Structures are given as structure tokens and as C-alpha cells.
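S.K.: Following is a predicted model, sequence given first.
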Amino acid sequence: MPHTSSADAGHVGPVDARTVPRFAGPATFARLPRLDQVTAFDVAVVGVPFDTGVSYRPGARFGPGHVRESSRLLRPYNPAMDVQPFAAQQVVDAGDIACSPFEIEDAIASIERGADELLATGARLLTIGGDHTIALPLLRAVARRHGPVAVVHFDAHLDTWDSYFGADYTHGTPFRRAAEEGLIDREASVHAGIRGPLYGPADLADDRRIGFTAVTCPDIEADGLAGAIERIRARVGDRPVYISVDIDVLDPAHAPGTGTPEPGGLTSRELLAMLRCFRDSNLVSADVVEVAPAYDHAQLTGFAGAHVAYELLSAMAAGPKVEPARRG
Ligand SMILES: N=C(N)NCCCC(=O)O
Ligand SMILES: [Zn+2]
Ligand SMILES: [Zn+2]
């Protein structure tokens, strides 16, 4: 497959849809080269096909494949940010991190190791999950390099609960564990898009104690999108930021293919606009999780996940530069 290359930096870009139909060939993210097809890279798109941490509908283990398959229509220029995310930096598809579907703690260790190896090259990660459990090992690896990071967490759910059925490591608990382990900046972390029923008022009090501020859907309703964006920017400032996007932050009308859907969520347009506000941020890495294709319709959730990833890659391209990574 002939990949495009950018004239300026010689980065290997996506396969050109004007000469090779976009539905042809194997699906890497955005038809980008694989890790073994480049000598250096700035950003690794990596899949984590893990969903043993879910509390309701399983299936996010198929998320990485679905998002890749749904990313064939992306084009190289992002006019909303005036940036070419695949020309300004070398982006590669690093494949999937293999992890146990049977033992959660074993899988968490594998994910942390896989993320460590990629980050050790100096690259940034854009991870495609997988259920939200995977944010914990990803944050462990990121904090090892950058120290505690400002987490901007887009989700319908807090994911700061303590345990389910006695299990500490689930998709409802990653940010509590991350806070306990000192991985997050407790002065600068924020949830966006929170909504729906909780177990009790203590959930919110616990969450604040843990170090999060919540910009809820009712807040967005009251203050508008610009007000919400301003609150997030003020909270994060110029600290190193890790963005974690649970696709269920979108309304189920925009993203039905997910395990714990909650009505009353963001539109795709609102979410993409919110992500663009990180174009000036020190965005150290990011993830998109909880895409579960078995419940998807017409690839809506897959397309939404692919566009979320594209905006995150665009924000990385637009923001402060990092040293390119050497392969191997
Ligand atoms: N992280 C996601 N998507 N969901 C958490 C739901 C936790 C619960 O079942 O109460
Ligand atoms: Zn969620
Ligand atoms: Zn979540």
C-alpha cells in the first residue's frame, strides 16, 4: 500500500484514499503505517482489547478493531484547528497490547508494561480501549515519566468508586486507585459530562476529596459549552494533561455502542469542540475507551471514537513539540 508522505518533515502518512480506495487493505488507525514501517515516531496509536473489568454489558475488547475499521474515512487536514496531524508529527499504529482476558491484575501489569515500552521511546500514546479499567495502568506509565498529571476525564460516570463485589480493579474504580497511588494532580483534575443516577450523595463528596472537580451535564446545560470549556481550562492551567475519553460521555443517540449507556449526554459536536480547546495544552497522552461494537448501530460509536482520536492527535500536533522517538 503506498503511503503518502509529507514534503516538509518526510513523515509517513496515511494511505491516500484518492489512489487506493479507503475500504481496501487492512485497517490500521486512519490507514497510518504500522510501527515496523517507520524508523521513528512521535505518537503511537495503540489498542488495548480488554473488557474483564466491566460491571454491565461486555464487549469493549472489540473496541480497538472497531475504531480502526471506523477510521478509514478520516482525511489528513483538520480545518477546525488548521493542523495536519499526520504531517506535523509521525503517527503510527502500534497494534494491540496483549493482555489476559481472565486475570484482571495480570492484564493491568501487561498494559502497564506495554505502555512503558512505548513511552520509553519518548513517544506520546493515544490508546484505544478496552474498558475504563485500562486507564489505571496507562496513568501509572505516564506518571512514571511526567509525575502526577492533570487528568481531564470525559465520562458519564465518575469512575472513582471504591470497589465492586470486593474487586478493587474495575472500570468503575480506576481514578480512585490512580489518586491513591499519587498518579494524578489533585489540584488540577476534572471530570466533564458527568450525569445520571449515583449510589448516594457520598459518591460526589468522595470524588471531591479524591481530587476531582466535576463539570456535569446539568452544569453545561446551565453555563453553555463555552462556560464549561473555560472552567476546565482554568482548572488545568499549563500543567501536563492526560485526557481520558469514555465514549459514554456522548448521549446514547450519538454513541449507542457502549456498555453502560446513560441518557442525557453530550452530542458529538459538543465533545469534539471541547477536545479542540486542548490545542495549546501540554497533552502528554490520551485514551478513548468503552467502545463496544456489539451494541453499535450503523458504526455511529465507531465513527465517534475515531473522530475523538483524530481531534486528540490534532491537539497533540498543534501543541508543544516533544522529541521524536526511535523505534526499538
Ligand atoms: N466506566 C464506565 N463506563 N462505567 C462505570 C459504571 C459503574 C457502575 O456500573 O456503576
Ligand atoms: Zn462511563
Ligand atoms: Zn468510564
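M.R.: All right, it came through fine. Numbering: from 1, shown residues only. Ligands and ions are numbered 1, 2, ... in the order given.
S.K.: alpha carbons only for contacts and neighbour counts from here, please
M.R.: Will do.
S.K.: pLDDT below threshold where in the stretch 201-328 of the chain?
M.R.: Low-confidence segments of the stretch 201-328 of the chain (pLDDT under 70): 321-328.
S.K.: Put the alpha carbons of stretch 228-248 into PDB.
M.R.: Provided in PDB are the C-alpha atoms of stretch 228-248 (Å, rounded to 0.1, in the frame of the first residue of the first chain):
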ATOM      1  CA  ALA A 228     -17.700  24.600  30.600                       C
ATOM      2  CA  ILE A 229     -14.600  24.800  28.500                       C
ATOM      3  CA  GLU A 230     -13.500  27.900  30.500                       C
ATOM      4  CA  ARG A 231     -13.900  26.000  33.800                       C
ATOM      5  CA  ILE A 232     -11.900  23.100  32.500                       C
ATOM      6  CA  ARG A 233      -9.100  25.300  31.100                       C
ATOM      7  CA  ALA A 234      -8.900  27.200  34.400                       C
ATOM      8  CA  ARG A 235      -8.600  24.100  36.400                       C
ATOM      9  CA  VAL A 236      -5.900  22.500  34.300                       C
ATOM     10  CA  GLY A 237      -3.800  25.600  33.500                       C
ATOM     11  CA  ASP A 238      -0.500  24.800  31.800                       C
ATOM     12  CA  ARG A 239       0.100  21.600  33.700                       C
ATOM     13  CA  PRO A 240       0.900  18.300  31.900                       C
ATOM     14  CA  VAL A 241      -2.500  16.900  30.900                       C
ATOM     15  CA  TYR A 242      -3.800  13.400  30.400                       C
ATOM     16  CA  ILE A 243      -7.200  13.200  28.600                       C
ATOM     17  CA  SER A 244      -9.300  10.100  29.100                       C
ATOM     18  CA  VAL A 245     -12.500   9.900  27.000                       C
ATOM     19  CA  ASP A 246     -15.100   7.300  27.900                       C
ATOM     20  CA  ILE A 247     -17.300   7.200  24.800                       C
ATOM     21  CA  ASP A 248     -20.400   7.000  27.000                       C
END
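S.K.: So which bits of stretch 98-107 are buried?
M.R.: C99, S100, I104, A107 (16 or more other Cα atoms under 10 Å).
S.K.: If you could redo that for stretch 112-122, that was the one I meant.
M.R.: Buried residues in stretch 112-122, defined by neighbour count with 16+ other Cα under 10 Å: E112, R113, G114, A115, D116, L118, L119, A120, T121, G122.
S.K.: V308: which element?
M.R.: helix 300-318 (DSSP states H and E).
S.K.: how far does that helix sit from the chain's center?
M.R.: 9 Å (Cα atoms, centre = their mean, to the nearest Å).
S.K.: which of the residues in it are buried?
M.R.: Buried, per 16+ other Cα under 10 Å, within helix 300-318: 300-318.
S.K.: returning to that earlier point: overlap between the buried residues of stretch 112-122 and the residues near ligand 2?
M.R.: Cross-checking these against ligand 2 (Cα under 5 Å from the ion) gives no overlapping residues.
S.K.: nearest to ligand 3, of the residues you listed?
M.R.: Nearest to ligand 3 among the buried residues of stretch 112-122 is E112, at 18.3 Å by Cα to the ion.
S.K.: Show me which residues of the stretch 101-250 of the chain sit near ligand 2.
M.R.: Counting by Cα under 5 Å from the ion, the stretch 101-250 of the chain sits next to ligand 2 at D155, A156, H157.
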